[in-house]
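J.: Output the structure for:
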Amino acid sequence: MFHDRYKNRRVLVTGHSGFLGSWLVAWLERLEARICGVALRPIFEPNHFRLLQPEIQSEWADIRESAELMSIFEDFRPEIVFHLAAQSLEGVAREDPAGTFATNIAGTVNVLEACRRTGSVRAVIAAGGGQHGEGGLDPYNASKNCALLAVDAYRHTFFSADVSDGILLAAVRMGNVIGGGDWSADRLVPELVRAALQHRPYRLRQPGAACPWLHVLEPLAGCLELGRRLFEGDRQCAANWNFGPEDSAALSVLRTAEFLRGVWPRLEYTVPEGGVVLEPLPPRPGSDETRRRLEWRCLWNTPTALERTAVWYRDFHEENRLNTAADLDAYFQCAEAAGIGWFR
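T.: Down below sits the predicted model:
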């Protein structure tokens, strides 16, 4: 996969103990990369990263602490950096806006600065960017959009063809990412699962809202392909990219809950009084250019992504079985059958 470009490469992942980061670490282990993770120590159980028990170097540090972060970069000397660490919960952002802005903006700047000052770094992929317009004026979305502006500024000022010593920087946005191992608050699937374990129905808050779901492995495939191309010096990839399904694949929260319950009947829910008012999909950056230029596309349609997610939680909570490796294997088989470029 990825032309064996990750084999024995030093890859640093911020936010490696989180939902997205833990899946990326699991994939990078398959690619035989040398991995260093930087994140806050997990405080909630269960935790997907701890369940996986990857054999990597974990540095429990706060990206807001620039000196500590710089020391980790100097010691590990990464060649490829995936910056996934963030405060990514809108509810927490409303309760702690200052902390959210500090993590998502200052933390991102600290990571970019560490990359700039570490001579070994050649490729950087930063996840970020929230909603635009009125939907992006809350602390979470505003902080993510500001982080994206910081990435653009560093690319233009320090990592351009004229001044860079070989570092190429890309930023990525993602749709509504789902998959096993996410136990975050205020997210539909984890809340449905949490309610089921407490033997109660979950009250859907916005049953008519449209959501473009995609399985966590989809954007990670795009990020890994970006990392490969940037590492090989493809300056056309040093840009902003959007990973998401077709808009026609979006499902309402209610239809999503209905589908998930069909796979795992234990997931029960109620809707607010007054019925369901369908809401349009909010404006979001398109993924057409990403599909064309990166030869990227979703391998699992929405029903498949939802089914594999529901089965992951069902098997974990009812049979104590971890399906992460099985999901990776199934995804690789789909990539091979479809002739996807990164699998050749």
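
J.: And what about residue 272, helix, strand or coil?
T.: Under DSSP: H, G, I helix; E, B strand; the rest coil, the three-state class of residue 272 is coil.

J.: Verify the contact between it and residue 253 for me.
T.: No - using C-beta atoms under 8 Å, residue 272 is not in contact with residue 253, being 11.2 Å away. In short, each C-beta sits where N, CA and C put it, glycine included.

J.: burial measure for residue 253, as a count.
T.: 20 (other C-beta atoms under 10 Å).

J.: Against residue 49, how distant is it?
T.: Here residue 253 is placed at a distance of 28 Å from residue 49 (C-beta to C-beta, to the nearest Å).

J.: And residue 225, by the same measure?
T.: 23 Å.

J.: Where do the strands of this structure begin and end?
T.: Using DSSP state E, the strands of the chain run over 10-14, 34-39, 57-60, 80-83, 123-127, 168-174, 176-178, 202-203, 210-211, 213-215, 240-243, 251-252, 269-270.

J.: can I get the ones you listed in CSV with mean pLDDT and distance to residue 296?
T.: Shown next, in CSV, are the strands of the chain (pLDDT from 0 to 100; distance: least, C-beta to C-beta, whole Å):
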stretch, mean pLDDT, distance to residue 296
strand 10-14, 98, 20
strand 34-39, 98, 23
strand 57-60, 97, 29
strand 80-83, 98, 16
strand 123-127, 96, 13
strand 168-174, 94, 11
strand 176-178, 93, 15
strand 202-203, 95, 33
strand 210-211, 88, 20
strand 213-215, 95, 11
strand 240-243, 92, 7
strand 251-252, 91, 21
strand 269-270, 94, 33
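
J.: Dump the ones you listed into TSV; add mean neighbour count and distance to residue 311 as well.
T.: Listed next are those as TSV, based on neighbours: other C-beta atoms under 10 Å; distance: least, C-beta to C-beta, whole Å:
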stretch	mean neighbour count	distance to residue 311
strand 10-14	26	26
strand 34-39	24	27
strand 57-60	16	29
strand 80-83	28	27
strand 123-127	28	26
strand 168-174	24	22
strand 176-178	22	12
strand 202-203	15	19
strand 210-211	19	19
strand 213-215	26	12
strand 240-243	22	23
strand 251-252	19	18
strand 269-270	17	18
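
J.: Quick check: buried residues in stretch 3-10?
T.: Neighbour counts over stretch 3-10 (16 or more other C-beta atoms under 10 Å) mark 5-6, 9-10 as buried.

J.: cool, stretch 323-336 as well?
T.: Neighbour-count burial for stretch 323-336 flags 323-324, 327-328, 330-332, 335 (criterion: 16+ other C-beta under 10 Å).

J.: go on, stretch 14-26?
T.: Result for stretch 14-26 [16+ other C-beta under 10 Å]: buried residues 14-26.

J.: So what's the residue count around residue 273?
T.: Count around residue 273 with other C-beta under 10 Å applied: 5.

J.: Ignoring the adjacent residues along the chain, who's closest to residue 23?
T.: residue 216 (5.0 Å; C-beta to C-beta, 6 or more residues apart in numbering).

J.: shared neighbours of residue 272 and residue 253, anything?
T.: 204-205, 207 (C-beta atoms under 8 Å, 6 or more residues apart in numbering).

J.: will you turn the residues you listed into TSV that also has neighbour count and distance to residue 82?
T.: Below are those laid out as TSV (neighbours: other C-beta atoms under 10 Å; distance: C-beta to C-beta, whole Å):
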residue	neighbour count	distance to residue 82
204	21	33
205	12	32
207	22	35
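
J.: Turn those into JSON lines, columns for pLDDT and distance to residue 311.
T.: As requested, those are exported to JSON lines (pLDDT from 0 to 100; distance: C-beta to C-beta, whole Å):
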{"residue": "204", "pLDDT": "93", "distance to residue 311": "21"}
{"residue": "205", "pLDDT": "87", "distance to residue 311": "25"}
{"residue": "207", "pLDDT": "90", "distance to residue 311": "23"}
